[in-house]
Each structure stands twice: as C-alpha cells, then as structure tokens.
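Asker: Model the structure of this input:
(one chain, ligands or ions: 2)
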Amino acid sequence: MDGKNRKKIAILFGGCSSEYEVSLQSAYAVAAHMDTERYEPVLIGIDRSGKWYLYQGEASDIPGDCWCRQETCIPAAVSPDQELHGLLLLDGQGVKTLPLDGAMPVLHGKNGEDGTVQGALELAGIPLIGCNTMSSAICMDKGMAHRLAKECGINVPRAFTVTNPEINQMQLRIWGRELGYPLFVKPLRAGSSFGITKVERAEDLQGAVAHAFEYDSCVILEEMVPGFEVGCAVLGTEELFVGEVDEIELSEGFFDYTEKYTLKTSSIHVPARIPQEKAKEIQEAAKVIYRGLGCSGFARVDMFLTPEGEIYFNEVNTIPGFTAHSRYPNMMKAAGISFEELLSRILGNA
Ligand SMILES: Nc1ncnc2c1ncn2[C@@H]1O[C@H](COP(=O)(O)OP(=O)(O)O)[C@@H](O)[C@H]1O
Ligand SMILES: [Mg+2]
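Answerer: Ligands and ions are numbered 1, 2, ... in the order given. Below is the predicted model:
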C-alpha cells in the first residue's frame, strides 16, 4: 500500500481523568508499535482539563508528559458533521478539517473509557476502534456490569450501592454486617484502584465510604471474594480470540495503584498456575461476559477464582493498559501474538 493510501487513525491520549498518566504510557506504546506502512497515526492529546489538541511533536515526548506545548499542538474539536467524519482544527487562522478513517481511544477511566468520548466519535461518524458507547458505559459502572454478568449466569460478589454521601450510618453498618469483613468499598466508576479500600473492621467503613465518594457520586460495597484474581484478554467482535489467562499473586492487601504499577509485593503469572481445564473454563466465562456486556474490538475481563474452583466476575476493562509490559498484551503474547500483530488485528478488525 503506498503512503497516500495509508489509513489515518487517531490515537487519543491523556484525558480529563485520574488515570491521565497511565494513558500517556499506553498511547506511546500503541503509537510506537503501529504498522506505519498501512496506518498513519494521528496523535490527539487531551489535557487534564479536557481540551483536545492535534499533537504534531515526537511521540516519545508523550510518556514524560512534555507533549502539550504551543509549538506542537493545534487546538482541535470533534465535528458532529458525519460527512466530514473527523476533527476541526482551530489554528487561529480559521477552521481547517481533518477527516479520519478511525479512532482508537487509549484513555483510561472517566471521560475516556466510560462511553463519553466513544459517543462523541460515534456521533461524528468516525469508526471507533474498541468498545462502543453503550458497552463502555456499562463496563465502567461496576453495579451495572455486575447485574448484566449475573443475568448471563456468572457468579458475582454480593454488593450494595450507596447513592447518597449522607447515608445513614446504621444502614451502612447493617450492609457491612451482611457482607461480612473484610469487604471492599469502591467508587462505582473509577479505575487503577483509585478510591478503593479493603475494610477490615466496621469502625473503618464510614471513612472508606467517604474516601470513595471523593472519586465518584456513587459508591459500591462488595463482599470479598476469596482466592485470587485472574484476567482474560479478549479480541474481536463476531469471532472472538482469547489470550492465555493470567493470575495475580498478592502477598498482602489488594491490587492497589502502587502494586499495579510497581509490582513491589505482588507478581503476575502468565499463564496462570492453574489446571488447563480451569483456564479453559475461565476463557469461556470471559467470552460470555464480553458478549453479555456488548463488548467489541478488545477488552480485558477480570474475574476471581476461589479455592473451591468457582469463577466470580470482577470487572471488564474496555481500554486495558496497553504498554508492552501490560497484562493485556502479555496475555496475547503468551498465546503467540506479538504487540505489533495484536495492533494490526485490532486495527484490521475495525
Ligand atoms: N470483591 C472483591 N474481592 C476480593 N478482592 C477484590 C474485590 N474487589 C476488588 N478487589 C481487589 O481490589 C482490586 C481493585 O478492584 P477493581 O474492582 O478491579 O477496581 P479497578 O477498576 O480500580 O481496577 C482488585 O484487583 C482486587 O485485588
Ligand atoms: Mg481492576
């Protein structure tokens, strides 16, 4: 394919989210591993306040967060005009247009992974690479995702949702007693373990709920599922391909932000150290969840495996970490698919 026929693919990075930094690492890895003979990466940076820019500097300046400079950035906005299917560039000398052949949001958490950006892209008629608006929104909401997974016949932890930060303390205590301790308190819609507490004692429940409310307007209380967390990378839309199952080995606490990005006291094993039939069962459950929650393109389905061998749903990450060391690419690598091949399949499928 000659250079002129290369498909223009926007890679959206940054974002008005507590996971801004993580997105910079993922987006750089995606840009660096894309097949530039077939695709022309168009880097679209979104700053912490939510402003969009066409970024024309070096991709290598993204991970260190030195991308957002006047010389390298042109303010941009999504055009709702489907005929254009692209962006409006506002360079100070009028409006220019930039049609796109596709867009891959490499954004994590709120305002990026939750269906909002997906909605804007769908409205603009720009082919979306990854989960659509509805499934992104469902997977972001831990309560909604639980309800749908349960509907598909998958075990889910017992849980209660708190919608009012002024909740009656008695009610909280009752729910705590029903779920038993330790239990997990989480913002309903967040990621990277922000705002999550493993609560060991009833006295600490109120503080944990207040902390979670700093990250979202709703909070979920979940019973602790014993055992360990396993993940499954799923790729595709009609026909699904699954990677090897991975396993998170914790030595203390839970998989919090520090552990996720430093692995100080925890390890990730790919493949998981479980019998092959169990891994197959987990892969099948992941496919059921992926379809049940309306996913497309790619997503990482996280579950727990109990000491009795039962599989429980945890969550779906519709835009999982995408650095060369992240779990999703590693599970695919263990199944024989390199990072480059993975991206080609993701972009090709779209
Ligand atoms: N119900 C639960 N039982 C046991 N561990 C849990 C439970 N919920 C969360 N955890 C622990 O907390 C971590 C973060 O929770 P998770 O729901 O995956 O949030 P995030 O979207 O921030 O990744 C998990 O990786 C796991 O270690
Ligand atoms: Mg998680």
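Asker: And the lowest-mean-pLDDT helix or strand in the chain, what's buried?
Answerer: Every helix and strand in the chain was compared by mean pLDDT, DSSP states H and E; the lowest is helix 257-262, with a mean of 87. Neighbour-count burial for helix 257-262, counted by 16 or more other Cβ atoms under 10 Å, picks out 257, 259, 260. In short, each C-beta sits where N, CA and C put it, glycine included.
Asker: Any part of that helix near ligand 1?
Answerer: No: Helix 257-262 lies out of reach of ligand 1 by Cβ under 6 Å from any ligand atom, never closer than 7.6 Å.
Asker: Would you mind naming what in the stretch 151-300 of the chain lies close to ligand 1?
Answerer: Counting by Cβ under 6 Å from any ligand atom, the residues of the stretch 151-300 of the chain near ligand 1 are 157, 184, 186, 190-193, 196, 222, 224-225, 229, 254-255.
Asker: Give me the residues contacting the least confident helix or strand of the chain.
Answerer: Helix 257-262 is contacted by residues 22, 192, 193, 194, 250, 253, 264, 265, 266 when judged by Cβ atoms under 8 Å, 6 or more residues apart in numbering.
Asker: isn't the fourth one right next to residue 18, touching?
Answerer: Read it as residue 194. Yes: assessed by Cβ atoms under 8 Å, residue 194 is found in contact with residue 18 at 5.0 Å.
Asker: list residues touching both of those two?
Answerer: With Cβ under 8 Å, 6+ apart, residue 194 and residue 18 have common neighbours 109, 215.
Asker: Show me where this protein dips below the pLDDT cut-off.
Answerer: Across the chain, the ranges flagged by pLDDT under 70 are 1-3, 350.
Asker: Now do the helices in it.
Answerer: Using DSSP state H, the helices of the chain run over 20-33, 116-123, 133-140, 142-151, 169-179, 205-213, 257-262, 276-292, 327-334, 339-349.
Asker: burial measure for residue 226, as a count.
Answerer: 12 (other Cβ atoms under 10 Å).
Asker: which residues touch it?
Answerer: Here residue 226 is in contact with 306, 307 (criterion: Cβ under 8 Å, 6+ apart).
Asker: Look up how far residue 204 lies from it.
Answerer: In this view, residue 226 and residue 204 are 20 Å apart by Cβ to Cβ, to the nearest Å.
Asker: How about residue 301?
Answerer: 30 Å.
Asker: So those two - more neighbours on which side?
Answerer: Neighbour count, other Cβ under 10 Å: between residue 301 and residue 204, residue 301 has more, with 30 against 16.
Asker: close enough to count as contact, the more buried one and residue 232?
Answerer: Yes: judged on Cβ under 8 Å, residue 301 makes contact with residue 232 at a distance of 4.9 Å.
Asker: mind listing what the spatially most distant residue from the centre of the chain touches?
Answerer: In the chain, the residue that sits farthest from the middle, by Cα atoms, centre = their mean, is residue 93; the gap is 36.9 Å. With contacts taken as Cβ under 8 Å, 6+ apart, residue 93 has no neighbouring residues.
Asker: Next one: it from residue 74, what distance?
Answerer: 10 Å.
Asker: what does residue 226 give?
Answerer: From residue 226 over to residue 74 (counting by Cβ to Cβ), the distance is 52 Å.
Asker: Close to ligand 1: what parts of the stretch 1-150 of the chain are there?
Answerer: Counting by Cβ under 6 Å from any ligand atom, no residue of the stretch 1-150 of the chain is near ligand 1.
Asker: Now for the residue of the stretch 1-150 of the chain found nearest ligand 1: which residues touch it?
Answerer: In the stretch 1-150 of the chain, the residue that lies nearest ligand 1 is residue 142 (6.3 Å; Cβ to the nearest ligand atom). Residues in contact with residue 142, defined by Cβ under 8 Å, 6+ apart, are 159, 186, 188, 189, 220, 315.
Asker: and residue 183, how many neighbours does it have?
Answerer: 25.
Asker: still on that earlier bit, which of the contacts of helix 257-262 ranks first by neighbour count?
Answerer: residue 22 (25 neighbours).
Asker: residues touching that one, list them.
Answerer: Here residue 22 is in contact with 108, 192, 261, 321 (Cβ under 8 Å, 6+ apart).
Asker: Show me which pair in the residues you listed is furthest apart.
Answerer: Using Cβ to Cβ, the contacts of residue 22 span at most 12.0 Å, a distance reached by 108 and 261.
Asker: The closest residue to residue 120 other than its chain neighbours: neighbouring residues, count only.
Answerer: Leaving aside its chain neighbours, residue 120 sits nearest to residue 78 (4.8 Å; criterion: Cβ to Cβ, 6 or more residues apart in numbering). Residue 78 is flanked by 22 other residues according to other Cβ under 10 Å.
Asker: Touching, residue 78 and residue 122? I think so.
Answerer: No: Residue 78 lies out of contact with residue 122 (Cβ under 8 Å); the separation is 10.2 Å.
Asker: which residues touch the closest residue in space to residue 248 that isn't next to it in sequence?
Answerer: With Cβ to Cβ, 6+ apart as the criterion, residue 248 has its nearest non-adjacent residue at 4.4 Å, and that residue is residue 229. Counting by Cβ under 8 Å, 6+ apart, residue 229 makes contact with 247, 248, 255, 302, 303, 304, 305, 314.
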